[in-house]
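In: Let's see this in three dimensions:
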Amino acid sequence: VSHEIWSCRLVAPRPSEEQARLLQKASQSQIKEVVYRVQQSVILLIPDAALLYHLKGNLQQAMIGLPRLRSFMELIEGPCTGNDSRFLRLFWETSYLQDWREFPKGGGYAKWYGNRFYTIRRGETGEYLKGHPGSIIPNEQFYFLPGLQYTEAANGSLGVRLHFCEAIPGNKAPFIAVSQRYQFTYMGVLNCRAISYFARTLATAIDFGIGPLRSIPLPELPSDAAERIGKAAHVATTLKQIIKSQDLLDIGSFSITSGSTIPPELLEVLLISTESFIESLVFNAYKFTQEDVEIVLADVGIPPGFH
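Out: Here you go, the predicted model:
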């Protein structure tokens, strides 16, 4: 026997009295747009025991049938110092000192490239951190590898960017270990709003921990679509690096020489246009209908700091 689950979804911030009135009206069938009915048998088809009552159409089918992110890449967290004021400094404070390494520490929403301003005192073999009783040092096999990273707390939007081999993975900016061959393709996919929608759906807290993100469904990409997304993501990353080369608060401003005479405003227009192109490719890869796209955009909107 498959039972039907009745649910009411009220996600917008409202006074508690108004929320109570809406819930009462929904229970009396006076409003329908916040009410969802789903068969228990459908819920049981979704892996990882996720109670995703509000999904429908291709969004629901994606959660049921598509491969998970964990099948293509690994997400790991870096060290927790136990005393940030002792072990962390901004890069311009340590540029001429030994034993300090680049360390991504969150930094807010940023796609493609950015948030490169902290360093951590590690030493050659991690002796400084290991000698501190409050530190936690996991996943050392992933230190000093190229890959991707993202910020856990970024206003509900996933922003994935390059992680450089000079850096140690952060504990608030987890490292994404992925094949170098498909690095830009996956970065392009992960930076689309469909992924932020699924991340919000699966998240159990206000930030994006690595556990729920591992369960995000990824589209199956034909080789031509993967190549197009990868090339476009490479263009977007290059544009973002050129823009950030003028930012003296970023490590890259000392190593990236753009030589570009294009006005920054035009570079940002080109970047946003490239991102829109990638978005359309990813929506097509998911086989989303116009209704599916509208549901995603209504929930996620335009992320803060869109580029």
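In: just the helices in this protein please.
Out: For the chain, the helices defined by DSSP state H cover 16-27, 40-43, 57-65, 84-87, 91-94, 127-130, 183-190, 193-202, 210-213, 223-244, 264-286, 290-300.
In: Need the winner for burial among these.
Out: helix 183-190 (a mean of 25; mean count of other CB atoms under 10 Å). Heads up, the C-betas are built off the backbone N, CA and C, glycines and all.
In: Packing partners of that helix?
Out: Applying 3 or more CB pairs under 8 Å, 6 or more residues apart in numbering; DSSP states H and E, one finds that helix 183-190 contacts strand 147-150, strand 160-163, helix 223-244, helix 264-286.
In: Contacts for the last one next, please.
Out: Contacts made with helix 264-286 from outside it, assessed by CB atoms under 8 Å, 6 or more residues apart in numbering, are listed as 58, 62, 111, 188-189, 191-195, 219-221, 225, 228-229, 232-233, 235-236, 239-240, 242-243, 246, 260, 292-293, 306-307.
In: then it to CSV, C-alphas only?
Out: Taking C-alpha atoms only, helix 264-286 is exported to CSV below (Å, rounded to 0.1, in the frame of the first residue of the first chain):
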residue,chain,number,x,y,z
PRO,A,264,36.4,46.2,-16.5
GLU,A,265,32.7,46.9,-17.1
LEU,A,266,32.9,45.2,-20.5
LEU,A,267,34.8,42.2,-19.1
GLU,A,268,32.0,41.8,-16.6
VAL,A,269,29.4,41.9,-19.4
LEU,A,270,31.4,39.2,-21.2
LEU,A,271,31.6,37.1,-18.1
ILE,A,272,27.9,37.3,-17.3
SER,A,273,27.0,36.4,-21.0
THR,A,274,29.4,33.4,-20.8
GLU,A,275,27.7,32.3,-17.5
SER,A,276,24.3,32.6,-19.1
PHE,A,277,25.5,30.4,-22.0
ILE,A,278,26.7,27.8,-19.6
GLU,A,279,23.4,27.9,-17.6
SER,A,280,21.5,27.1,-20.8
LEU,A,281,23.8,24.2,-21.6
VAL,A,282,23.4,22.7,-18.2
PHE,A,283,19.6,23.1,-18.1
ASN,A,284,19.5,21.3,-21.5
ALA,A,285,21.7,18.6,-20.1
TYR,A,286,19.2,18.0,-17.3
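In: follow-up on the earlier one: mind giving me JSON lines with the helices and strands packed on helix 183-190 and columns for mean pLDDT and distance to S85?
Out: Putting these into JSON lines (pLDDT from 0 to 100; distance: least, CB to CB, whole Å) gives the following:
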{"stretch": "strand 147-150", "mean pLDDT": "95", "distance to S85": "23"}
{"stretch": "strand 160-163", "mean pLDDT": "96", "distance to S85": "24"}
{"stretch": "helix 223-244", "mean pLDDT": "94", "distance to S85": "27"}
{"stretch": "helix 264-286", "mean pLDDT": "91", "distance to S85": "35"}
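In: so which of these gets nearest G301?
Out: With CB to CB as the measure, helix 264-286 is the member of these nearest G301 (12.8 Å).
In: can the helices of the chain go into a markdown table with extra columns for distance to G159?
Out: Listed next are those as a markdown table, based on distance: least, CB to CB, whole Å:
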| stretch | distance to G159 |
| --- | --- |
| helix 16-27 | 30 |
| helix 40-43 | 30 |
| helix 57-65 | 21 |
| helix 84-87 | 22 |
| helix 91-94 | 20 |
| helix 127-130 | 27 |
| helix 183-190 | 9 |
| helix 193-202 | 9 |
| helix 210-213 | 13 |
| helix 223-244 | 11 |
| helix 264-286 | 11 |
| helix 290-300 | 12 |
